[in-house]
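Visitor: I'd like to go over a predicted model; first the sequence, then the structure.
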Number of protein chains: 2
Amino acid sequence: MPMERGSRTASVKDVAAAAGVSLGTVSNVLNRPDRVSLTTRVRVERAMSELGFVRNESARSLRAGQSHTLGYVMLDAGNPFFTDVAQGIEEAAQAADMSLFLCNSGNRAEREATYLDHLQQRRVQGVLVTPVDPDSPTLDAIVSRGTPLVIVDRTRRNVDFCTVSVDDRRGGRIAVEHLIDRGHTRIAFVGGPLSIGQVADRYAGAQDAWSEAGLRDEDLIVVPCAALTVAEGRAAGAQLAGVPKHRRPTAAFCANDLIALGLLQHASAQGWRVPGDLAIVGYDDIEFAEAAAVPLTSVRQPRHELGQTAATLVLDEATNPAHGHEQVVFTPTLIARSSTLD
Amino acid sequence: MPMERGSRTASVKDVAAAAGVSLGTVSNVLNRPDRVSLTTRVRVERAMSELGFVRNESARSLRAGQSHTLGYVMLDAGNPFFTDVAQGIEEAAQAADMSLFLCNSGNRAEREATYLDHLQQRRVQGVLVTPVDPDSPTLDAIVSRGTPLVIVDRTRRNVDFCTVSVDDRRGGRIAVEHLIDRGHTRIAFVGGPLSIGQVADRYAGAQDAWSEAGLRDEDLIVVPCAALTVAEGRAAGAQLAGVPKHRRPTAAFCANDLIALGLLQHASAQGWRVPGDLAIVGYDDIEFAEAAAVPLTSVRQPRHELGQTAATLVLDEATNPAHGHEQVVFTPTLIARSSTLD
DNA sequence: TTGTACGCGTTATCAT
DNA sequence: ATGATAACGCGTACAA
């Protein structure tokens, strides 16, 4: 129970004085305990706890030229997907005895840039980021300064850094293959805007599966959304409700779970049976997909592993001189639940 | 586009040399631009951008004795409640030109302690924490070292720091008052374990409302849960289903939204109408409460404001010598939706 | 085994 | 308006 009060926090110098040893000895106790005799060591350690000594990380970092820290700028802390990724990163960081500095850009490029700058100022050993725009030159600036960088859940062409992502096109494909297997021959793709790479890829995958099965283009209907939100999912439901029953799709593949939940909500309100009147597939398999009134079939991405791998890659780049950049692509999995199974 | 490569990152000294001025002048350009002539200033600024100069936060912190940083150790990053609180904190921090170091204890006391230690080592200006155990002496240790501390969403007796929380007892009361207003005379409290202060308070509030309305004790039935999870909510539903219809409660007040969603799911599966056969009130008003198949009535806590206030308080303690500790208690609000309204 | 001295990058003070 | 210098706390090479 240290009783320090009012005064400035104790430094190694104070500890040395209190223990009656030199400053270097205290440092040795901290960093090379073997080089110091047992008796002096315990004496120093007692002094440390009596003074409530706490190492000064700033001084250590300054001395070392870098801090024992990784930074992750996530796209949206409100999205469970990214918090799971962050947990994966953190686990790997912790295993390597590093701290993780978590930042949330909230989808705003400006804040992202600010945070990236902060991380540089802190001389973090590596930066992970799920960028608002993967093509932003800000990212290249970091690389050119020599800071290890890994992009998470995004890619771009001509990268000179590591990248960890999930195969969205394949995800779209397996979702639609599942619906085809269940006998659907007229379905909707609910999602947008297609300017988002992920959405476009998922749609492309859906088309792949559809045409391979020899089904007609006009039976894969696009119900556009302005954003990947629950509200947009509801709106999409209203749009589907406007279609005469005999021409209405019997299933919907949604670009993410939020849209799927919105659609499911609308379906409930309309009294549609799910999957009887409308089967629904979501994407992401967020925690609440399983918790929905009708548990939602969804495409799961290995979020945790995504984060772990990304962290491992930055750490490798930071420590291994022979590091070579990698583009890791994970494969998503379909989790089938009641919303597509009778 | 700085072209630095391989070499060490540039320092003020390098900038000074490149610009042909002294080190102090560079510092002035950085910190008191008014004290330096326009011509030299632009010259220095050019040198900085050419060298890709980035301030070294470690050195600044060392010099200043503290870093421009706040730390928040949250209880569970997977819980949207805490990410919202974190966003509130961050907003306030940003307004005060501070960075926020976000940590996630994941409900583990050990990790919490580790993070608190890290924050101390970084000499953060203030610590915010939603502790696993509000009575832990670790917290007092921080206070006794002189670091401003605020506890978020928890309280305890005999505090010598600031505290920001929400009146859970009142929350329980308004939830049950709402059900009484809707004509229910036999309801269930679904939640647990009661060893969690929040849960106990919400239950106590429910009892307050119940007895004040002159209803009988035995008509407020407790359906215990082992945890505040969706799965436990489902299990509670199964338990309710075992009760003969004429003795079954007509409404349930759940200790949080996860339980409520689980219960709602079970109700759907059973074919119960909500709220016809069973009205449901949740607690927290998480984003998915509104997105549920039957939008959920819930007790909303001012999460964002909670965070903002907490941050304001630490900042005050850190900067205002006349700071006095406060125990701020917010009042929750009932958000009525379809799950209790016909 | 222990002690001394220097430097990391920045800022503030003091002189010029 | 600008330059020189000391100090922040720590780690380490080197001397004792």
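Guide: Thanks, I have the structure now.

Visitor: what about the strands in the stretch 51-200 of chain A?
Guide: According to DSSP state E, counting those that start in this stretch, the stretch 51-200 of chain A carries its strands in the segments A:69-74, A:99-104, A:126-129, A:149-152, A:162-166, A:187-191.

Visitor: give me every residue in chain A lying close to DNA strand D.
Guide: Chain A has residues A:8-9, A:11-13, A:23-24, A:27-28, A:30-31, A:53, A:55-56, A:59-60, A:62-64 near DNA strand D, with proximity defined as Cβ under 7 Å from any atom of the strand. To be clear about C-beta, it is placed using only N, CA and C from the backbone, and glycine gets the same treatment.

Visitor: from the stretch 101-250 of chain A, which residue is nearest to DNA strand C?
Guide: In the stretch 101-250 of chain A, the residue that lies nearest DNA strand C is residue A:121 (8.2 Å; Cβ to the nearest atom of the strand).

Visitor: residues in contact with the closest residue to that residue other than its chain neighbours?
Guide: The shortest distance from residue A:121 to any non-neighbouring residue, by Cβ to Cβ, 6 or more residues apart in numbering or on different chains, is to residue B:57 (4.1 Å). Contacts for residue B:57 (Cβ atoms under 8 Å, 6 or more residues apart in numbering or on different chains) come out as A:58, A:118, A:121, A:122, A:123, B:67, B:68.

Visitor: which residue ranges make up the domains of chain A?
Guide: Per automatic domain parsing, the structural domains of chain A span A:12-55, A:68-167+A:303-330, A:168-302.

Visitor: okay if I get the ones you listed as TSV plus mean pLDDT and mean neighbour count?
Guide: TSV is the format used below for the domains of chain A (pLDDT from 0 to 100; neighbours: other Cβ atoms under 10 Å in any protein chain shown):
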stretch	mean pLDDT	mean neighbour count
domain A:12-55	92	16
domain A:68-167+A:303-330	94	20
domain A:168-302	96	20
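
Visitor: nearest to residue B:287, of the strands of the stretch 51-200 of chain A?
Guide: strand A:99-104 (15.8 Å; Cβ to Cβ).

Visitor: so is the closest one next to chain B?
Guide: Yes - residues of strand A:99-104 contacting chain B under Cβ under 8 Å from any Cβ of the partner chain: A:99, A:101, A:102, A:103, A:104.

Visitor: helices and strands around that strand, which ones?
Guide: For strand A:99-104, the packing partners by 3 or more Cβ pairs under 8 Å, 6 or more residues apart in numbering or on different chains; DSSP states H and E come out as strand A:69-74, helix A:80-95, helix A:109-121, helix B:80-95, strand B:99-104.

Visitor: for the stretch 101-250 of chain A, which residues are neighbours of DNA strand C?
Guide: Counting by Cβ under 7 Å from any atom of the strand, no residue of the stretch 101-250 of chain A is near DNA strand C.

Visitor: where does the stretch 101-250 of chain A get nearest to DNA strand D, residue-wise?
Guide: For the stretch 101-250 of chain A, Cβ to the nearest atom of the strand, closest residue to DNA strand D: residue A:123, 13.2 Å.

Visitor: surely residue A:143 and residue A:149 touch.
Guide: Yes - between residue A:143 and residue A:149 there is a contact under Cβ atoms under 8 Å: 5.3 Å.

Visitor: so who does the residue lying closest to residue A:231 once chain neighbours are set aside touch?
Guide: Nearest residue to residue A:231 in three dimensions, chain neighbours excluded: residue A:262, at 6.3 Å (Cβ to Cβ, 6+ apart). Residues counted as contacts of residue A:262 (Cβ under 8 Å, 6+ apart) are A:229, A:230, A:231, A:232, A:233, A:234, A:235, A:236, A:237, B:291.

Visitor: can I get those in a markdown table with distance to residue A:273?
Guide: What follows is the contacts of residue A:262, written out as a markdown table (distance: Cβ to Cβ, whole Å):
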| residue | distance to residue A:273 |
| --- | --- |
| A:229 | 25 |
| A:230 | 21 |
| A:231 | 23 |
| A:232 | 23 |
| A:233 | 18 |
| A:234 | 18 |
| A:235 | 21 |
| A:236 | 18 |
| A:237 | 14 |
| B:291 | 19 |
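
Visitor: now, those that are in helices?
Guide: If you go by DSSP state H, the contacts of residue A:262 have A:230, A:231, A:232, A:233, A:234, A:235, A:236, A:237, B:291 in helices.

Visitor: tell me the contacts of residue A:43?
Guide: A:19, A:20, A:21 are the contacts of residue A:43 under Cβ under 8 Å, 6+ apart.

Visitor: out of these, the closest to chain B would be?
Guide: residue A:19 (19.5 Å; Cβ to the nearest Cβ).

Visitor: so the closest one is in contact with residue A:44, correct?
Guide: Yes - using Cβ under 8 Å, residue A:19 is in contact with residue A:44, at 4.6 Å.

Visitor: give me the common contacts of the two.
Guide: A:25, A:26.

Visitor: pick out the residue in chain A sitting closest to chain B.
Guide: For chain A, Cβ to the nearest Cβ, closest residue to chain B: residue A:293, 3.4 Å.

Visitor: could you find the closest non-adjacent residue to that residue?
Guide: Nearest one to residue A:293, counting by Cβ to Cβ, 6+ apart, is residue B:293 at 3.4 Å.

Visitor: need the contact list for that neighbour.
Guide: So residue B:293 contacts A:264, A:265, A:268, A:292, A:293, A:294, B:264, B:268 (Cβ under 8 Å, 6+ apart).

Visitor: sec struct for whichever residue of chain A sits closest to DNA strand C, please.
Guide: In chain A, the residue that lies nearest DNA strand C is residue A:24 (2.8 Å; Cβ to the nearest atom of the strand). Three-state call for residue A:24 (DSSP: H, G, I helix; E, B strand; the rest coil): helix.

Visitor: distance of whichever residue of the stretch 201-342 of chain A sits closest to DNA strand D relative to residue A:256?
Guide: For the stretch 201-342 of chain A, the residue closest to DNA strand D is residue A:319, as judged by Cβ to the nearest atom of the strand, at 15.4 Å. Distance, residue A:319 to residue A:256, using Cβ to Cβ, to the nearest Å: 36 Å.

Visitor: again with residue A:214
Guide: In terms of Cβ to Cβ, residue A:214 sits 28 Å off from residue A:256.

Visitor: what do you get for residue A:317?
Guide: 31 Å.

Visitor: what about the helices in chain A?
Guide: Under DSSP H, chain A gives helices at A:12-19, A:23-31, A:38-51, A:57-64, A:80-95, A:109-121, A:137-144, A:168-181, A:197-212, A:230-241, A:257-270, A:287-291, A:303-319.

Visitor: among those, which is nearest residue A:159?
Guide: Closest among the helices of chain A, using Cβ to Cβ: helix A:137-144, at 9.2 Å.
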